[in-house]
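Colleague: need a structure here:
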Amino acid sequence: MGIAYADADRSLHDFYAFPEPIRAGVRVLLVEDLLESGNRLLAATRRLEGRRAQVVTAALYYQSRSQMIPDVTLGVLDEPVTFPWEVRPIHSRSSGGEVEA
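Modeller: Numbering: from 1, shown residues only. So this is what the prediction gives:
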């Protein structure tokens, strides 16, 4: 599932690569690395729950200003963070080559 902001105020969400149809009762795990505002994960959760999916959310970390606390998390992290996959290519063990992140 992909979500982008559809406006400059970052309040309207544009869902892309959204799996259709969603069967009632299907279990979905939504994962983020860091929740800053939490708006996109909250929007995705609401959209899936509106289709009667059972949603579990996970994030490595969330910031205290986040609109939601994920179901599974390592905790609050309000300091700036740069994850390794944001600064260099990810190496694939199976191919031995680099994969663009």
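Colleague: in a strand, Asp14, correct?
Modeller: Yes - judged by DSSP: H, G, I helix; E, B strand; the rest coil, Asp14 forms part of a strand.
Colleague: pull up the per-residue confidence for the residue nearest to the spatial centre of the chain.
Modeller: By CA atoms, centre = their mean, the chain has its centre lying nearest to Glu32, at 3.4 Å. What the model reports for Glu32 is a pLDDT of 91.
Colleague: can you tell me which residues contact it?
Modeller: Neighbouring residues of Glu32 by CB atoms under 8 Å, 6 or more residues apart in numbering: 40-41, 57-60, 70. In short, each C-beta sits where N, CA and C put it, glycine included.
Colleague: now those residues as a markdown table including distance to Leu48?
Modeller: What follows is these, written out as a markdown table (distance: CB to CB, whole Å):
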| residue | distance to Leu48 |
| --- | --- |
| Arg40 | 13 |
| Leu41 | 11 |
| Thr57 | 10 |
| Ala58 | 14 |
| Ala59 | 16 |
| Leu60 | 21 |
| Pro70 | 14 |
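Colleague: among those, which one sits closest to Phe83?
Modeller: Leu60 (8.0 Å; CB to CB).
Colleague: surely the closest one meets Asp33?
Modeller: Yes - if you go by CB atoms under 8 Å, Leu60 and Asp33 touch, sitting 5.2 Å apart.
Colleague: these two - which one has more neighbours?
Modeller: Higher neighbour count among Leu60 and Asp33: Leu60, with 17 against 12, using other CB atoms under 10 Å.
Colleague: doesn't that one lie inside a strand?
Modeller: Yes - under three-state DSSP, Leu60 falls within a strand.
Colleague: residue boundaries of the strands in this protein?
Modeller: With strands called from DSSP state E, the chain shows them at 2-5, 13-16, 27-35, 54-62, 72-76, 90-91, 98-99.
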